[in-house]
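Asks: No letters, just coordinates:
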């Protein structure tokens, strides 16, 4: 273990200051990407980076990168970071902790005159919540067509990128080659309730789950709720409800950390005195492995037919979109585990059920991710909270992991 | 049995002519109460009444009454009728058959110089589909406050009543006392599929069901669909679906002609990647008897608690509105049954699951109602259809019933 200690008071103070930017009347935080509040938050981040001695650069897609040179000029940089944009009415920790934690780590290095072998870059990825356009641009997965799409605030993505200091005409300049990064580390709040419920300090993220989103329609016959006897009904809602319960039963009956959710369900015509003629619902499945998701969906499609037939209605389904899961680097997982254990912190391996910039970085570099508990599993609201103790634990693990990765991994390239 | 025969060709022709008024481009019929098409339909009805020798009068709430005197000047009138307004994009039979059937009956009397004991009034009640304001005004159940309420077409009910020749300042003038009517008869399409499915010609309506409409809320915890493990969810939609299926199971497990429907169900926040935090749904129960409805609701409220608890969510429910069921006159039921059987028509007793003007008339006079089959149980759409044979059967039963009631019932008053 290193003797270096992050400065908890400084970190808490920085988190508190950032949380004042974009604060709404009821205490939530709205720093939606490319908004004035986002721009103000980014100014704060750049100041913190400069104060930590980093040389700051905004790339063509709007990512903020603060660099500290290493001792070996031939080595590729190790990146650490997250994002400072939020969902509308979000909280103070999602993204912010990973950025300010990374800055705290390099500031601790600086004030202890600790020299790493590798260059270190602290990063605030742009527009995470809006669709990860910053980290996607960084790995070369942002199409020109997307620049014309509307983003919140009434302008297009390209205009948003220019607003935050990028250059929408040259987004390709932001792309780093797969061989340009030695490693990427991201500290983040769990956004789920597993760590707190199980009393575990640190989650070592094994990967970021893939997401499949399906649309399901059940079609019966809309009819008069007064004049149609019970045995002559073809009620789409009964078929739909049967299926919603079947999904939950199937998901729970299969071992693993996969999840499945019906978040949206609408009824047509949707009035009290007409038997539902049509139900549309969404099914979202998440797991690290695509095969697992496809296996579950095969079971669910046959359940869907049974549920529909039971109520005399017909069903149809289609895949709406799909994001492939990514696994983090096994070596870095081991490093994080050793770092946490060395600090006396309980830890466990776990997938991330939410998307993160790390899922893009994992495509070009060995990537590791550290989770700290979210109280009550709450996120994306003003009530999002992680204790000061857990904030410090996570950031110290990030520091320890960085130092071990800096020593351990490939000095080639 | 009488030798009098209604004229089927004339009746079909009149139905066809009326169906041209308010016809939409796709073949539906829109004669929404107080609209120009409704007014045009009413002009047609008045002409048909006059052609049948009736003296026509529009009362203060807009009902059209066509009177034919009886032989005994001391007797109260027997009324027959229905309505000619429609729902938006409705069909050609709902209401229209009862009005044109009644006119056909009195025209058959006239051309056969048949004199009844009682005066006969053919009636087209105003604004049935909009809330039965015509028949409610007739029985003294239309409040002045209602006259200020908006109706389709951009004006208030009072203005609508004036548009069709009523007098909104004197709606009380339309009210008849409970002792002023000898009997009321209404011929109507079933609007359900029972008669056709069971191959029965005539439905003898035992009453018009009461309606209870309840609002139910299930509240769980909205949470991230990716990061919240299955065993930490409080999913309001699972509780809601469990309850929807329980309602159907309970309704079917109890003997009777009652029905129960969840027609409306909404999910909050209702997006694919958030676990449903709240579900709101409507429960509509219909039966002739209030006690039966209350008995079912007691069972359902305890089911609701079980369904909510099973998924860790809480529930709440409230009654939204209630219409008390009414029973038709037992003596007139017997007369209709005898009339149908005498004509060689199969028949059965059945409640009406839909509301009708008869439910208001039943409060002041002995009331009977005759149903004829609706093909496919379809109504309130352009596909609403009753065969010419059934149209004639029903109208002949109406004629036969009228003659029997005219002879049988109370000559006092």
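Replies: Yes, it's here. Values in this document were obtained by computation on a predicted structure and should not be read as measured data.

Asks: in terms of contact, does residue A:85 touch residue A:41 like I think?
Replies: Yes. Assessed by C-beta atoms under 8 Å, residue A:85 is found in contact with residue A:41 at 7.5 Å. Quick note: C-beta positions are derived from backbone N, CA and C, even for glycine.

Asks: Pick out whichever of these two has more residues nearby.
Replies: More crowded of residue A:85 and residue A:41, by other C-beta atoms under 10 Å in any protein chain shown: residue A:85, with 29 against 26.

Asks: How confident is the prediction for the nearest residue to that one once chain neighbours are set aside, by pLDDT?
Replies: Residue nearest to residue A:85 in three dimensions, not counting chain neighbours: residue A:33, with 4.0 Å by C-beta to C-beta, 6 or more residues apart in numbering or on different chains. Among the per-residue scores, residue A:33 holds a pLDDT of 96.

Asks: Which of the helices or strands spans residue A:161?
Replies: In the assignment (DSSP states H and E), residue A:161 maps to helix A:157-163.

Asks: quick one: contacts of that helix?
Replies: A:33-34, A:39, A:60-62, A:126-127, A:133, A:146-151, A:153, A:155, A:167-168, A:171 (C-beta atoms under 8 Å, 6 or more residues apart in numbering or on different chains).

Asks: cool, and stretch A:67-75?
Replies: Contacts for stretch A:67-75 (C-beta under 8 Å, 6+ apart): A:52-57, A:77, A:106, A:109-110, A:115-122, A:182, A:406, A:411, A:413.

Asks: and if we set it to 10 Å?
Replies: Under the contact criterion C-beta atoms under 10 Å, 6 or more residues apart in numbering or on different chains, stretch A:67-75 has outside partners A:49, A:52-57, A:76-79, A:106-107, A:109-110, A:115-123, A:182, A:406, A:409-413.

Asks: Can you tell me which residues in the stretch 301-413 of chain A are near chain B?
Replies: A:311, A:320-321, A:350-355, A:371, A:374, A:376-381 (C-beta under 10 Å from any C-beta of the partner chain).

Asks: The stretch 1-150 of chain A: strands as residue ranges?
Replies: Counting by DSSP state E, counting those that start in this stretch, the stretch 1-150 of chain A has strands at residues A:55-58, A:64-68, A:78-83, A:120-125, A:150-151.

Asks: Dump those to TSV, plus mean pLDDT and mean neighbour count.
Replies: What follows is those, written out as TSV (pLDDT from 0 to 100; neighbours: other C-beta atoms under 10 Å in any protein chain shown):
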stretch	mean pLDDT	mean neighbour count
strand A:55-58	98	15
strand A:64-68	98	22
strand A:78-83	98	28
strand A:120-125	98	28
strand A:150-151	89	16
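
Asks: Columns distance to residue A:175 on top of the ones you listed, output as TSV?
Replies: Shown next, in TSV, are these (distance: least, C-beta to C-beta, whole Å):
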stretch	distance to residue A:175
strand A:55-58	15
strand A:64-68	13
strand A:78-83	14
strand A:120-125	14
strand A:150-151	20
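
Asks: just to revisit the earlier point, are any of the contacts of helix A:157-163 buried, and if so which?
Replies: A:33-34, A:60-62, A:126-127, A:133, A:146-147, A:151, A:153, A:167-168, A:171 (16 or more other C-beta atoms under 10 Å in any protein chain shown).

Asks: low pLDDT regions in chain A?
Replies: Scanning chain A for pLDDT under 70 picks out A:1, A:410-413.

Asks: show me where it has helices.
Replies: A:8-19, A:36-51, A:96-111, A:128-131, A:133-138, A:157-163, A:194-198, A:236-253, A:290-310, A:330-342, A:358-361, A:388-408 (DSSP state H).

Asks: Would you tell me which of these gets closest to residue B:302?
Replies: helix A:236-253 (19.0 Å; C-beta to C-beta).

Asks: Any buried residues in the closest one, and which?
Replies: A:236-248, A:250-251.

Asks: ok and the residue in the stretch 251-400 of chain A nearest chain B?
Replies: residue A:353 (3.3 Å; C-beta to the nearest C-beta).
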